[in-house]
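Peer 1: Fold the stuff below for me.
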Amino acid sequence: MHLSSRQSVQQSTSQVDTMRPRHGETCRMPVPHHFFLSLKSFTYNTIGEDTDVFFSLYDMREGKQISERFLVRLNKNGGPRNPEKIERMCALFTDLSSKDMKRDLYIVAHVIRIGRMLLNDSKKGPAHLHYRRPYGCAVLSILDVLQSLTELKEEKDFVLKVYTCNNESEWSQTHENIIRKSSAKYSAPSASHGLIISLQLLRGDMEQIRRENPMIFNRGLAITRKLGFPDVIMPGDIRNDLYLTLEKGDFERGGKSVQKNIEVTMYVLYADGEILKDCISLGSGEPNRSSYHSFVLYHSNSPRWGEIIKLPIPIDRFRGSHLRFEFRHCSTKDKGEKKLFGFAFSPLMRDDGTTLSDDIHELYVYKCDENSTFNNHALYLGLPCCKEDYNGCPNIPSSLIFQRSTKESFFISTQLSSTKLTQNVDLLALLKWKAFPDRIMDILGRLRHVSGEEIVKVRLPRAPERESGQQASLPPAFCQQASKAVFEIYN
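Peer 2: All right, here's what the predicted structure looks like:
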(Lines give C-alpha, C1' and ligand atoms only; values in the text may rest on other atoms or scores of the structure.)
Protein backbone atom coordinates (compact mmCIF):
# COMPACT_ATOMS: atom_id res chain seq x y z
CA MET A 1 0.00 0.00 0.00
CA HIS A 2 1.34 3.43 -0.95
CA LEU A 3 1.14 6.35 1.45
CA SER A 4 -0.22 9.66 0.21
CA SER A 5 2.27 12.51 -0.09
CA ARG A 6 0.89 14.18 3.06
CA GLN A 7 1.07 10.91 5.03
CA SER A 8 4.62 10.26 3.90
CA VAL A 9 5.75 13.76 4.86
CA GLN A 10 4.07 13.51 8.26
CA GLN A 11 5.64 10.11 8.79
CA SER A 12 9.09 11.45 7.92
CA THR A 13 8.76 14.32 10.39
CA SER A 14 7.77 11.93 13.15
CA GLN A 15 10.39 9.29 12.35
CA VAL A 16 13.24 11.75 12.79
CA ASP A 17 14.15 11.96 16.46
CA THR A 18 11.27 14.14 17.71
CA MET A 19 11.58 12.77 21.23
CA ARG A 20 14.95 12.55 22.92
CA PRO A 21 16.20 12.11 26.48
CA ARG A 22 17.59 15.16 28.25
CA HIS A 23 20.81 14.92 30.22
CA GLY A 24 20.19 13.46 33.67
CA GLU A 25 16.57 12.50 32.93
CA THR A 26 14.99 9.18 32.05
CA CYS A 27 11.90 10.71 30.42
CA ARG A 28 12.02 11.98 26.89
CA MET A 29 11.37 15.58 25.94
CA PRO A 30 9.75 16.63 22.63
CA VAL A 31 12.23 18.14 20.19
CA PRO A 32 11.07 21.42 18.64
CA HIS A 33 11.32 22.22 14.92
CA HIS A 34 12.47 25.54 13.51
CA PHE A 35 12.33 27.07 10.01
CA PHE A 36 15.23 29.22 8.87
CA LEU A 37 14.04 31.68 6.20
CA SER A 38 16.21 34.03 4.16
CA LEU A 39 14.86 36.55 1.65
CA LYS A 40 17.23 36.67 -1.32
CA SER A 41 15.43 39.06 -3.65
CA PHE A 42 12.15 40.58 -4.79
CA THR A 43 12.38 39.89 -8.53
CA TYR A 44 11.12 42.37 -11.08
CA ASN A 45 9.94 44.80 -8.44
CA THR A 46 8.19 47.38 -10.63
CA ILE A 47 6.29 49.11 -7.84
CA GLY A 48 8.69 52.05 -7.81
CA GLU A 49 8.17 52.65 -4.08
CA ASP A 50 9.58 51.37 -0.82
CA THR A 51 7.92 48.21 0.47
CA ASP A 52 7.51 46.30 3.71
CA VAL A 53 7.35 42.51 3.35
CA PHE A 54 5.83 40.57 6.27
CA PHE A 55 6.40 36.82 6.56
CA SER A 56 4.35 34.66 8.93
CA LEU A 57 3.14 31.09 9.43
CA TYR A 58 -0.56 30.53 8.81
CA ASP A 59 -2.78 27.55 9.67
CA MET A 60 -5.33 27.29 6.87
CA ARG A 61 -7.44 24.66 8.61
CA GLU A 62 -7.90 26.80 11.71
CA GLY A 63 -7.88 30.04 9.75
CA LYS A 64 -5.35 31.84 11.92
CA GLN A 65 -1.77 33.06 12.04
CA ILE A 66 0.32 30.98 14.45
CA SER A 67 3.58 32.95 14.50
CA GLU A 68 4.89 36.44 14.93
CA ARG A 69 5.67 38.36 11.75
CA PHE A 70 9.14 38.77 10.26
CA LEU A 71 9.54 42.20 8.64
CA VAL A 72 11.87 43.05 5.76
CA ARG A 73 12.01 46.67 4.60
CA LEU A 74 12.96 47.11 0.93
CA ASN A 75 13.72 50.18 -1.16
CA LYS A 76 12.10 50.96 -4.51
CA ASN A 77 14.77 48.90 -6.29
CA GLY A 78 13.98 45.77 -4.28
CA GLY A 79 17.09 45.88 -2.09
CA PRO A 80 17.19 46.31 1.70
CA ARG A 81 16.47 49.87 2.84
CA ASN A 82 19.30 49.46 5.32
CA PRO A 83 22.50 48.68 3.33
CA GLU A 84 23.88 46.77 6.32
CA LYS A 85 21.17 44.13 5.78
CA ILE A 86 22.41 42.95 2.40
CA GLU A 87 22.48 39.13 2.59
CA ARG A 88 21.25 39.44 6.18
CA MET A 89 17.47 39.42 5.67
CA CYS A 90 16.78 36.21 7.55
CA ALA A 91 14.64 34.85 10.38
CA LEU A 92 14.22 31.72 12.46
CA PHE A 93 10.60 30.68 13.07
CA THR A 94 10.98 28.81 16.34
CA ASP A 95 9.39 26.19 18.58
CA LEU A 96 7.16 24.29 16.16
CA SER A 97 6.05 20.99 17.68
CA SER A 98 5.57 17.69 15.84
CA LYS A 99 1.85 18.42 16.04
CA ASP A 100 2.43 21.81 14.39
CA MET A 101 4.31 20.12 11.55
CA LYS A 102 1.18 18.08 10.77
CA ARG A 103 -1.04 21.16 10.53
CA ASP A 104 -2.07 22.67 7.19
CA LEU A 105 0.62 25.34 7.42
CA TYR A 106 1.63 27.98 4.89
CA ILE A 107 4.31 30.62 4.75
CA VAL A 108 2.43 33.82 3.94
CA ALA A 109 4.09 37.00 2.69
CA HIS A 110 2.18 40.29 2.65
CA VAL A 111 3.69 43.16 0.65
CA ILE A 112 2.81 46.69 1.80
CA ARG A 113 4.01 49.61 -0.31
CA ILE A 114 4.94 52.95 1.27
CA GLY A 115 4.04 55.98 -0.83
CA ARG A 116 1.17 57.48 -2.80
CA MET A 117 -2.47 56.66 -2.19
CA LEU A 118 -2.83 55.45 -5.79
CA LEU A 119 0.05 54.03 -7.83
CA ASN A 120 -1.25 55.50 -11.09
CA ASP A 121 -1.73 58.95 -9.59
CA SER A 122 0.43 61.43 -11.51
CA LYS A 123 0.24 63.97 -8.69
CA LYS A 124 3.19 63.56 -6.36
CA GLY A 125 1.54 65.31 -3.42
CA PRO A 126 3.39 66.55 -0.32
CA ALA A 127 6.74 64.82 0.09
CA HIS A 128 6.17 64.30 3.82
CA LEU A 129 2.91 62.38 3.34
CA HIS A 130 3.32 58.66 2.82
CA TYR A 131 0.70 55.99 3.30
CA ARG A 132 1.01 52.29 4.03
CA ARG A 133 -0.97 50.74 1.19
CA PRO A 134 -1.71 47.05 0.48
CA TYR A 135 0.03 45.77 -2.63
CA GLY A 136 0.40 42.00 -2.92
CA CYS A 137 0.47 38.61 -1.25
CA ALA A 138 2.27 35.29 -1.75
CA VAL A 139 1.92 31.86 -0.13
CA LEU A 140 3.94 28.65 0.09
CA SER A 141 2.70 25.34 1.47
CA ILE A 142 4.88 23.86 4.21
CA LEU A 143 3.86 20.45 2.87
CA ASP A 144 5.51 21.34 -0.46
CA VAL A 145 8.60 22.48 1.43
CA LEU A 146 8.88 19.24 3.39
CA GLN A 147 8.41 17.17 0.24
CA SER A 148 11.27 18.95 -1.51
CA LEU A 149 13.74 18.87 1.39
CA THR A 150 15.41 15.49 1.07
CA GLU A 151 17.40 15.71 4.28
CA LEU A 152 17.54 17.64 7.53
CA LYS A 153 19.35 21.01 7.39
CA GLU A 154 19.25 21.13 3.59
CA GLU A 155 18.80 24.73 2.42
CA LYS A 156 16.72 25.16 -0.71
CA ASP A 157 15.41 28.10 -2.74
CA PHE A 158 11.72 28.72 -3.42
CA VAL A 159 9.94 31.35 -5.52
CA LEU A 160 6.79 32.87 -4.05
CA LYS A 161 4.66 34.40 -6.77
CA VAL A 162 3.17 37.73 -5.67
CA TYR A 163 -0.50 38.34 -6.48
CA THR A 164 -2.52 41.54 -6.11
CA CYS A 165 -6.02 41.70 -4.66
CA ASN A 166 -8.75 42.56 -7.18
CA ASN A 167 -11.03 44.07 -4.54
CA GLU A 168 -9.16 46.03 -1.89
CA SER A 169 -11.95 45.56 0.65
CA GLU A 170 -11.08 41.83 0.64
CA TRP A 171 -7.37 42.41 1.30
CA SER A 172 -7.44 40.71 4.72
CA GLN A 173 -8.59 37.45 3.04
CA THR A 174 -6.18 37.57 0.09
CA HIS A 175 -3.90 34.82 1.41
CA GLU A 176 -6.88 32.52 1.97
CA ASN A 177 -8.20 33.21 -1.53
CA ILE A 178 -4.80 32.35 -3.04
CA ILE A 179 -4.59 29.12 -1.03
CA ARG A 180 -8.13 28.17 -2.11
CA LYS A 181 -7.24 29.13 -5.70
CA SER A 182 -10.20 31.55 -5.90
CA SER A 183 -8.55 33.11 -8.94
CA ALA A 184 -11.37 35.59 -9.62
CA LYS A 185 -10.35 37.45 -6.45
CA TYR A 186 -6.68 38.06 -7.29
CA SER A 187 -4.38 38.56 -10.26
CA ALA A 188 -0.68 38.37 -11.14
CA PRO A 189 0.84 41.72 -12.20
CA SER A 190 3.78 39.95 -13.86
CA ALA A 191 4.66 36.39 -14.78
CA SER A 192 8.03 36.79 -13.06
CA HIS A 193 6.88 38.88 -10.11
CA GLY A 194 7.98 37.04 -6.99
CA LEU A 195 9.94 36.72 -3.78
CA ILE A 196 12.93 34.38 -3.82
CA ILE A 197 13.51 32.83 -0.41
CA SER A 198 15.62 29.99 0.93
CA LEU A 199 14.34 27.65 3.64
CA GLN A 200 16.02 25.23 5.99
CA LEU A 201 14.43 22.89 8.56
CA LEU A 202 16.27 22.57 11.88
CA ARG A 203 15.53 20.44 14.96
CA GLY A 204 16.63 20.74 18.57
CA ASP A 205 16.46 23.20 21.44
CA MET A 206 17.84 26.69 20.88
CA GLU A 207 21.14 25.97 22.62
CA GLN A 208 21.71 23.02 20.29
CA ILE A 209 20.69 25.07 17.23
CA ARG A 210 23.14 27.84 18.15
CA ARG A 211 25.91 25.35 18.77
CA GLU A 212 25.43 23.39 15.54
CA ASN A 213 24.59 26.32 13.22
CA PRO A 214 26.78 29.27 14.26
CA MET A 215 26.84 30.75 10.75
CA ILE A 216 23.14 31.59 10.59
CA PHE A 217 23.36 33.48 13.88
CA ASN A 218 26.10 35.68 12.41
CA ARG A 219 23.71 37.03 9.77
CA GLY A 220 21.57 39.32 11.92
CA LEU A 221 19.06 36.53 12.52
CA ALA A 222 15.58 37.65 13.65
CA ILE A 223 14.07 35.23 16.17
CA THR A 224 10.38 34.91 15.29
CA ARG A 225 8.34 33.12 17.93
CA LYS A 226 5.08 31.23 17.98
CA LEU A 227 2.01 33.07 19.18
CA GLY A 228 1.34 31.47 22.53
CA PHE A 229 3.64 29.10 24.36
CA PRO A 230 5.70 26.20 22.96
CA ASP A 231 5.10 22.66 24.21
CA VAL A 232 7.96 22.97 26.68
CA ILE A 233 8.59 26.19 28.61
CA MET A 234 12.18 26.14 29.74
CA PRO A 235 13.15 27.55 33.15
CA GLY A 236 14.35 31.12 32.77
CA ASP A 237 12.20 31.71 29.66
CA ILE A 238 10.73 35.05 30.74
CA ARG A 239 8.10 36.42 28.40
CA ASN A 240 5.60 39.26 28.56
CA ASP A 241 4.19 39.87 25.08
CA LEU A 242 0.74 41.17 24.22
CA TYR A 243 -0.31 40.52 20.62
CA LEU A 244 -2.96 42.90 19.32
CA THR A 245 -4.86 42.38 16.09
CA LEU A 246 -6.39 45.40 14.41
CA GLU A 247 -9.56 43.63 13.28
CA LYS A 248 -12.08 45.99 11.68
CA GLY A 249 -14.03 49.21 11.97
CA ASP A 250 -17.38 50.60 10.87
CA PHE A 251 -17.43 54.35 10.36
CA GLU A 252 -19.88 56.95 9.06
CA ARG A 253 -19.34 58.73 5.77
CA GLY A 254 -19.55 62.08 7.54
CA GLY A 255 -21.27 64.04 4.78
CA LYS A 256 -18.68 63.11 2.15
CA SER A 257 -19.72 62.11 -1.36
CA VAL A 258 -17.31 59.16 -1.32
CA GLN A 259 -16.16 56.83 1.42
CA LYS A 260 -13.16 57.62 3.61
CA ASN A 261 -9.54 56.52 3.42
CA ILE A 262 -9.04 55.64 7.08
CA GLU A 263 -5.70 55.42 8.87
CA VAL A 264 -5.45 54.23 12.48
CA THR A 265 -2.64 55.53 14.68
CA MET A 266 -1.98 53.67 17.93
CA TYR A 267 0.03 54.68 21.00
CA VAL A 268 0.75 52.95 24.31
CA LEU A 269 0.46 55.46 27.16
CA TYR A 270 1.44 55.15 30.81
CA ALA A 271 -0.71 56.27 33.75
CA ASP A 272 0.80 59.76 33.68
CA GLY A 273 -0.03 60.21 29.98
CA GLU A 274 3.53 59.63 28.80
CA ILE A 275 3.82 57.76 25.49
CA LEU A 276 5.80 54.59 26.16
CA LYS A 277 8.85 54.49 23.91
CA ASP A 278 9.72 51.49 21.74
CA CYS A 279 6.82 49.33 22.93
CA ILE A 280 5.35 48.54 19.50
CA SER A 281 6.77 45.92 17.12
CA LEU A 282 5.50 45.53 13.56
CA GLY A 283 7.68 42.46 13.13
CA SER A 284 10.92 40.80 14.14
CA GLY A 285 13.99 42.01 12.29
CA GLU A 286 13.29 45.71 12.77
CA PRO A 287 13.57 48.00 15.82
CA ASN A 288 10.53 48.67 17.99
CA ARG A 289 8.76 51.98 17.60
CA SER A 290 6.64 54.33 19.70
CA SER A 291 3.64 54.59 17.37
CA TYR A 292 1.82 52.39 14.87
CA HIS A 293 0.17 53.53 11.65
CA SER A 294 -2.21 51.11 9.95
CA PHE A 295 -2.28 50.55 6.22
CA VAL A 296 -5.02 52.51 4.43
CA LEU A 297 -7.80 50.88 2.41
CA TYR A 298 -8.98 53.19 -0.37
CA HIS A 299 -12.58 54.42 -0.09
CA SER A 300 -13.68 52.07 2.67
CA ASN A 301 -15.85 53.07 5.63
CA SER A 302 -15.76 49.47 6.86
CA PRO A 303 -12.07 48.56 6.67
CA ARG A 304 -10.93 45.05 7.58
CA TRP A 305 -7.25 45.07 8.52
CA GLY A 306 -6.42 41.79 10.29
CA GLU A 307 -2.91 43.08 11.11
CA ILE A 308 -1.13 41.67 14.18
CA ILE A 309 1.10 43.99 16.23
CA LYS A 310 3.31 42.87 19.10
CA LEU A 311 3.41 45.01 22.24
CA PRO A 312 6.48 44.10 24.36
CA ILE A 313 5.44 46.29 27.28
CA PRO A 314 7.63 46.19 30.42
CA ILE A 315 5.93 44.36 33.28
CA ASP A 316 6.24 47.36 35.59
CA ARG A 317 4.42 49.56 33.06
CA PHE A 318 1.44 47.29 32.41
CA ARG A 319 -0.75 48.44 35.29
CA GLY A 320 -2.14 51.90 34.62
CA SER A 321 -1.20 51.91 30.92
CA HIS A 322 -3.71 52.13 28.10
CA LEU A 323 -3.91 52.01 24.30
CA ARG A 324 -5.20 54.96 22.30
CA PHE A 325 -6.37 54.59 18.71
CA GLU A 326 -6.76 57.74 16.60
CA PHE A 327 -8.79 57.66 13.36
CA ARG A 328 -7.93 59.96 10.45
CA HIS A 329 -9.30 60.43 6.96
CA CYS A 330 -6.48 60.66 4.41
CA SER A 331 -7.65 63.10 1.76
CA THR A 332 -6.34 62.75 -1.80
CA LYS A 333 -7.38 66.31 -2.67
CA ASP A 334 -5.65 69.63 -2.16
CA LYS A 335 -2.81 69.19 0.33
CA GLY A 336 -3.56 65.55 1.02
CA GLU A 337 -4.04 66.20 4.72
CA LYS A 338 -4.81 63.56 7.33
CA LYS A 339 -7.81 64.80 9.32
CA LEU A 340 -8.59 63.46 12.79
CA PHE A 341 -12.27 62.55 13.24
CA GLY A 342 -12.42 60.08 16.14
CA PHE A 343 -10.61 57.95 18.68
CA ALA A 344 -10.99 54.88 20.90
CA PHE A 345 -9.04 53.59 23.88
CA SER A 346 -8.61 50.55 26.10
CA PRO A 347 -6.82 49.98 29.43
CA LEU A 348 -4.38 47.06 29.46
CA MET A 349 -5.53 45.81 32.87
CA ARG A 350 -8.91 45.64 34.56
CA ASP A 351 -9.63 46.97 38.02
CA ASP A 352 -9.35 43.43 39.44
CA GLY A 353 -5.71 43.20 38.28
CA THR A 354 -6.25 40.81 35.35
CA THR A 355 -5.21 41.69 31.82
CA LEU A 356 -7.34 41.92 28.68
CA SER A 357 -8.81 38.52 27.86
CA ASP A 358 -7.80 36.61 24.73
CA ASP A 359 -10.85 37.66 22.78
CA ILE A 360 -12.33 40.17 20.34
CA HIS A 361 -13.09 43.52 21.97
CA GLU A 362 -15.53 46.09 20.57
CA LEU A 363 -14.42 49.58 21.59
CA TYR A 364 -16.52 52.73 21.66
CA VAL A 365 -15.61 55.40 19.09
CA TYR A 366 -15.61 59.00 20.34
CA LYS A 367 -15.89 62.04 18.09
CA CYS A 368 -13.12 64.61 17.92
CA ASP A 369 -11.33 66.83 15.41
CA GLU A 370 -7.93 68.34 14.71
CA ASN A 371 -8.53 70.96 17.39
CA SER A 372 -8.99 68.28 20.04
CA THR A 373 -6.15 67.87 22.46
CA PHE A 374 -5.08 64.67 24.16
CA ASN A 375 -2.66 66.43 26.48
CA ASN A 376 -4.98 65.76 29.41
CA HIS A 377 -5.63 62.04 29.04
CA ALA A 378 -7.80 62.06 32.17
CA LEU A 379 -10.52 63.78 30.12
CA TYR A 380 -11.23 60.55 28.26
CA LEU A 381 -9.99 57.87 30.66
CA GLY A 382 -13.03 58.58 32.84
CA LEU A 383 -15.29 57.57 29.94
CA PRO A 384 -16.39 53.98 29.26
CA CYS A 385 -14.20 52.35 26.61
CA CYS A 386 -16.66 49.55 25.78
CA LYS A 387 -20.07 48.14 26.69
CA GLU A 388 -18.77 46.19 29.69
CA ASP A 389 -17.03 49.30 30.94
CA TYR A 390 -20.22 51.34 30.45
CA ASN A 391 -22.19 48.90 32.61
CA GLY A 392 -19.60 49.36 35.34
CA CYS A 393 -19.73 53.18 35.27
CA PRO A 394 -22.66 54.23 37.50
CA ASN A 395 -21.94 57.96 37.40
CA ILE A 396 -21.26 59.12 33.85
CA PRO A 397 -21.50 62.93 33.50
CA SER A 398 -24.32 64.16 31.28
CA SER A 399 -22.08 66.74 29.60
CA LEU A 400 -18.92 65.18 28.21
CA ILE A 401 -16.03 66.81 26.39
CA PHE A 402 -16.01 63.86 23.97
CA GLN A 403 -19.28 62.47 22.64
CA ARG A 404 -19.60 58.83 21.67
CA SER A 405 -20.44 58.11 18.03
CA THR A 406 -23.14 55.47 18.55
CA LYS A 407 -23.24 54.46 14.86
CA GLU A 408 -19.50 53.76 14.68
CA SER A 409 -17.53 50.86 16.13
CA PHE A 410 -13.98 49.58 16.25
CA PHE A 411 -12.79 46.03 16.94
CA ILE A 412 -9.49 44.65 18.20
CA SER A 413 -8.48 41.23 19.47
CA THR A 414 -5.73 40.41 21.94
CA GLN A 415 -3.61 37.41 22.90
CA LEU A 416 -1.29 37.46 25.89
CA SER A 417 1.87 35.34 26.11
CA SER A 418 3.18 36.09 29.57
CA THR A 419 4.97 34.18 32.30
CA LYS A 420 4.34 37.09 34.68
CA LEU A 421 0.76 38.28 34.16
CA THR A 422 -2.52 36.40 34.25
CA GLN A 423 -5.90 36.91 32.62
CA ASN A 424 -7.55 34.66 35.19
CA VAL A 425 -9.20 36.17 38.26
CA ASP A 426 -9.01 32.83 40.13
CA LEU A 427 -5.23 32.63 39.81
CA LEU A 428 -5.01 36.24 40.94
CA ALA A 429 -7.19 35.39 43.94
CA LEU A 430 -4.75 32.58 44.77
CA LEU A 431 -1.87 35.05 44.94
CA LYS A 432 -3.93 37.34 47.19
CA TRP A 433 -5.51 34.61 49.33
CA LYS A 434 -4.49 36.25 52.61
CA ALA A 435 -6.89 39.10 51.85
CA PHE A 436 -9.77 36.60 51.59
CA PRO A 437 -9.10 33.88 54.23
CA ASP A 438 -12.77 32.87 54.31
CA ARG A 439 -12.64 32.03 50.58
CA ILE A 440 -9.66 29.64 50.66
CA MET A 441 -11.62 26.48 49.83
CA ASP A 442 -13.54 28.25 47.08
CA ILE A 443 -10.30 29.61 45.58
CA LEU A 444 -8.67 26.16 45.54
CA GLY A 445 -11.80 24.60 44.07
CA ARG A 446 -11.91 27.10 41.21
CA LEU A 447 -8.33 26.25 40.22
CA ARG A 448 -9.60 23.00 38.73
CA HIS A 449 -11.38 25.00 36.02
CA VAL A 450 -8.42 27.17 35.02
CA SER A 451 -7.26 26.66 31.42
CA GLY A 452 -4.06 24.80 30.61
CA GLU A 453 -2.46 27.93 29.14
CA GLU A 454 -2.81 29.63 32.52
CA ILE A 455 -1.86 26.58 34.60
CA VAL A 456 1.37 26.18 32.66
CA LYS A 457 2.51 29.53 34.03
CA VAL A 458 2.20 28.46 37.65
CA ARG A 459 3.60 24.94 37.52
CA LEU A 460 6.84 24.62 39.44
CA PRO A 461 8.72 21.58 38.07
CA ARG A 462 12.17 20.64 39.21
CA ALA A 463 14.59 22.63 37.11
CA PRO A 464 16.45 20.27 34.73
CA GLU A 465 20.23 20.18 34.90
CA ARG A 466 22.33 21.54 32.11
CA GLU A 467 25.11 19.54 30.53
CA SER A 468 27.63 21.27 32.77
CA GLY A 469 25.81 19.92 35.79
CA GLN A 470 24.66 23.40 36.82
CA GLN A 471 21.00 23.75 37.64
CA ALA A 472 19.00 25.97 35.30
CA SER A 473 17.47 29.19 36.56
CA LEU A 474 14.19 28.95 38.42
CA PRO A 475 10.88 29.64 36.67
CA PRO A 476 9.51 33.18 36.63
CA ALA A 477 8.52 35.04 39.78
CA PHE A 478 4.83 34.55 39.01
CA CYS A 479 5.30 30.78 39.18
CA GLN A 480 7.13 31.01 42.46
CA GLN A 481 4.51 33.30 43.98
CA ALA A 482 1.65 31.01 43.00
CA SER A 483 3.40 27.88 44.24
CA LYS A 484 4.35 29.62 47.48
CA ALA A 485 0.72 30.62 47.98
CA VAL A 486 -0.45 27.02 47.58
CA PHE A 487 2.13 25.74 50.08
CA GLU A 488 1.24 28.48 52.59
CA ILE A 489 -2.44 27.61 52.35
CA TYR A 490 -1.84 23.92 52.99
CA ASN A 491 0.57 24.65 55.82
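
Peer 1: Nearest residue to residue 84 in space, please, no chain neighbours.
Peer 2: Leaving aside its sequence neighbours, residue 84 sits nearest to residue 220 (Cβ to Cβ, 6 or more residues apart in numbering; 7.9 Å). To be clear about C-beta, it is placed using only N, CA and C from the backbone, and glycine gets the same treatment.

Peer 1: Please report phi then psi for the one you found.
Peer 2: Phi and psi for residue 220, reported as degrees, to the nearest 10, are phi 70, psi 40.

Peer 1: what about the spatially most central residue of the chain, which helix or strand?
Peer 2: By Cα atoms, centre = their mean, the mean C-alpha position of the chain lies nearest to residue 308, the distance being 3.8 Å. Secondary structure from DSSP states H and E places residue 308 in strand 304-311.

Peer 1: Give me the contact list for that strand.
Peer 2: Residues from elsewhere that reach strand 304-311 (Cβ atoms under 8 Å, 6 or more residues apart in numbering): 56, 65, 68-69, 169-173, 227, 241-248, 264, 266, 268, 279-283, 292, 294-295, 297.

Peer 1: With residue 381 as the reference, measure out to the residue nearest to residue 85 when sequence neighbours are not counted.
Peer 2: Among residues not flanking residue 85 along the chain, residue 220 sits closest, at 6.6 Å (Cβ to Cβ, 6+ apart). Applying Cβ to Cβ, to the nearest Å, the value for residue 220 to residue 381 is 40 Å.

Peer 1: Going through the contacts of strand 304-311, which ones are buried?
Peer 2: Buried members of these, scored by 16 or more other Cβ atoms under 10 Å, are 56, 65, 68-69, 170-173, 227, 241-248, 264, 266, 268, 279-283, 292, 294-295, 297.

Peer 1: Number of residues surrounding residue 274?
Peer 2: 12 (other Cβ atoms under 10 Å).

Peer 1: same question, residue 319
Peer 2: 14.

Peer 1: show me what contacts residue 323?
Peer 2: 244, 266, 267, 268, 269, 345, 346, 348.

Peer 1: and which of those is nearest residue 369?
Peer 2: residue 345 (16.9 Å; Cβ to Cβ).

Peer 1: Quick check: beta-bridge partners of the closest residue to the closest one other than its chain neighbours?
Peer 2: Once flanking residues are discounted, residue 345 sits nearest to residue 324: 4.8 Å by Cβ to Cβ, 6+ apart. On the basis of DSSP bridges, residue 324 takes part in beta bridges with residue 267, residue 345.

Peer 1: swap in residue 56?
Peer 2: Going by DSSP bridges, residue 56 forms beta bridges with residue 108.

Peer 1: how close does it sit to residue 152?
Peer 2: 23 Å.

Peer 1: ditto for residue 32
Peer 2: 14 Å.

Peer 1: the more surrounded of the two?
Peer 2: Neighbours were counted for residue 32 and for residue 152 using other Cβ under 10 Å; residue 32 has more, 23 against 13.

Peer 1: So that one is in contact with residue 203, correct?
Peer 2: Yes - if you go by Cβ atoms under 8 Å, residue 32 and residue 203 touch, sitting 7.2 Å apart.

Peer 1: hey, what's in contact with both of residue 32 and residue 152?
Peer 2: Counting by Cβ under 8 Å, 6+ apart, the residues touching both residue 32 and residue 152 are residue 203.

Peer 1: what about the helix or strand containing residue 106, distance to the chain center?
Peer 2: For residue 106, the host element (DSSP H and E) is strand 105-115. Distance of strand 105-115 from its chain centroid, counting by Cα atoms, centre = their mean, to the nearest Å, is 14 Å.

Peer 1: Between strand 304-311 and that strand, find me the angle.
Peer 2: 100 degrees (axes from the mean of the first three to the mean of the last three Cα atoms, to 10 degrees).

Peer 1: Residue 284 pairs with what?
Peer 2: Applying DSSP bridges, one finds that residue 284 bridges with residue 70.

Peer 1: re earlier: from the contacts of residue 323, which one has the minimum pLDDT?
Peer 2: Of all the contacts of residue 323, residue 348 has the smallest pLDDT value, namely 92.

Peer 1: Could you verify my assumption that it touches residue 357?
Peer 2: No - assessed by Cβ under 8 Å, residue 348 is found out of contact with residue 357, at 11.8 Å.

Peer 1: and residue 262, what is it in contact with?
Peer 2: Taking Cβ under 8 Å, 6+ apart, one finds 249, 251, 296, 297, 300, 301, 303, 327, 328, 329, 330 in contact with residue 262.

Peer 1: need the contact list for the fifth one.
Peer 2: Taking Cβ under 8 Å, 6+ apart as the contact definition, residue 300 lies against 168, 169, 259, 260, 261, 262.

Peer 1: Restricted to strands, list these.
Peer 2: Applying DSSP state E to those, the entries found in strands are residue 262.

Peer 1: got the contacts of residue 300 as a markdown table, with distance to residue 42 columns?
Peer 2: Output for the contacts of residue 300, formatted as a markdown table (distance: Cβ to Cβ, whole Å):
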| residue | distance to residue 42 |
| --- | --- |
| 168 | 21 |
| 169 | 26 |
| 259 | 31 |
| 260 | 31 |
| 261 | 26 |
| 262 | 28 |
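
Peer 1: Closest to residue 180 out of the contacts of residue 300?
Peer 2: residue 169 (17.6 Å).

Peer 1: Need the nearest residue in space to that closest one, chain neighbours excluded.
Peer 2: residue 300 (5.6 Å).

Peer 1: circling back to that earlier point, so how far is residue 144 from the residue nearest to residue 345?
Peer 2: For residue 324, the distance to residue 144 - Cβ to Cβ - is 43 Å.
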